[in-house]
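Trainee: sequence first, then the predicted structure:
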Amino acid sequence: MNPEISIVAPVFNEEENIQLLVSAIYRGVKDIGCSYECILVDDGSTDGSRLKIETVCAENEHFRMVSLAKNYGQTAALDAGFKAASGKYIVMMDADLQNNPRDIKLLLENIDGFDMVYGCRLNRKDSFVKRVSSKIGNYVRNKLTNENIRDTGCSLKIFRRECLNKIKLYNGMHRFLPTLFKIEGFSIKEVEVQHQRRLY
Ligand code: UDP
Ligand code: MG
């Protein structure tokens, strides 16, 4: 039977983060009590990420690996993960632990009646340059598209998997998923989520 959620995380050279991520996801979904699968997409990593993911998948039936032959970038990696997913909902998140898997519960609690729930990072833990360029990017996009999406770049999102039939992803487009969903007439909702500094 298809799981309730498919968690998809793209991985490019995250060797030190894999085991921590897997433990955090395990803790995050344990309390929710829904069925899940987790697809880790190795985006042509050149460190030991692939080996780490293989070990995790051999030990835990909930985890699967999709492996790309070279580094295609975050959008393509997510797209490959989406294609392998079978859940009713897809949860996308980064593999570097900047998103907190505990927030998956919050996303699920809010998805009823919506096609997508997207995270807005509270107390964002990124460099000044990243925070400022993100603010400018969000301001310009909101003006052009006449909407009020505060943080389109937050990777943590949940959406109904079947919506993807109408969405075409191009390089870099994973950042604009809420807008692409709105263009197709899907309903979207924002929730505030945690953000953590990248440790490794
Ligand atoms: N990532 C990827 N392919 C790439 C670059 C990044 O799969 O070519 C992954 C990376 O491992 C992480 C996520 O995409 O899980 C976000 O990347 P990063 O942390 O560099 O972006 P930021 O947090 O600065 O937006
Ligand atoms: Mg990051």
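Mentor: Received, thanks. Residues are numbered from 1 along each chain as shown. Ligands and ions are numbered 1, 2, ... in the order given.
Trainee: wait, is residue 2 part of a strand?
Mentor: No - going by DSSP: H, G, I helix; E, B strand; the rest coil, the assignment for residue 2 is coil, not a strand.
Trainee: how near is it to ligand 2?
Mentor: Separation of residue 2 from ligand 2 (C-beta to the ion, to the nearest Å): 29 Å. Yep, even glycine has a C-beta here, placed from its N, CA and C like the rest.
Trainee: for residue 7, same thing?
Mentor: Residue 7 is 16 Å from ligand 2, by C-beta to the ion.
Trainee: surely that residue and residue 38 touch.
Mentor: Yes - in this structure, residue 7 is within contact of residue 38 by C-beta atoms under 8 Å, at 4.3 Å.
Trainee: what do those two both touch?
Mentor: Taking C-beta atoms under 8 Å, 6 or more residues apart in numbering as the contact rule, residue 7 and residue 38 both touch residue 25.
Trainee: where do the helices sit along the chain?
Mentor: Remark: helices assigned in the chain by DSSP state H are 18-30, 49-59, 74-84, 103-110, 128-145, 177-183.
Trainee: would you reformat those helices as CSV and include distance to ligand 2, mean neighbour count and mean pLDDT?
Mentor: Converted to CSV, those look like this (distance: least, C-beta to the ion, whole Å; neighbours: other C-beta atoms under 10 Å; pLDDT from 0 to 100):
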stretch, distance to ligand 2, mean neighbour count, mean pLDDT
helix 18-30, 12, 18, 96
helix 49-59, 14, 17, 98
helix 74-84, 10, 20, 97
helix 103-110, 15, 18, 97
helix 128-145, 9, 12, 94
helix 177-183, 17, 20, 96
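Trainee: what's the closest of the ones you listed to residue 168?
Mentor: Checking the helices of the chain against residue 168 by C-beta to C-beta gives helix 177-183 as the closest, at 8.2 Å.
Trainee: helices or strands up against that closest one?
Mentor: Applying 3 or more C-beta pairs under 8 Å, 6 or more residues apart in numbering; DSSP states H and E, we find helix 177-183 packed against strand 116-121, helix 128-145, strand 157-160, strand 188-193.
Trainee: what is the third one packed up against?
Mentor: Of the remaining helices and strands, those touching strand 157-160 by 3+ C-beta pairs under 8 Å, 6+ apart are strand 89-92, helix 103-110, strand 116-121, helix 177-183.
Trainee: how close does residue 70 sit to ligand 2?
Mentor: Applying C-beta to the ion to residue 70 and ligand 2 gives a distance of 21 Å.
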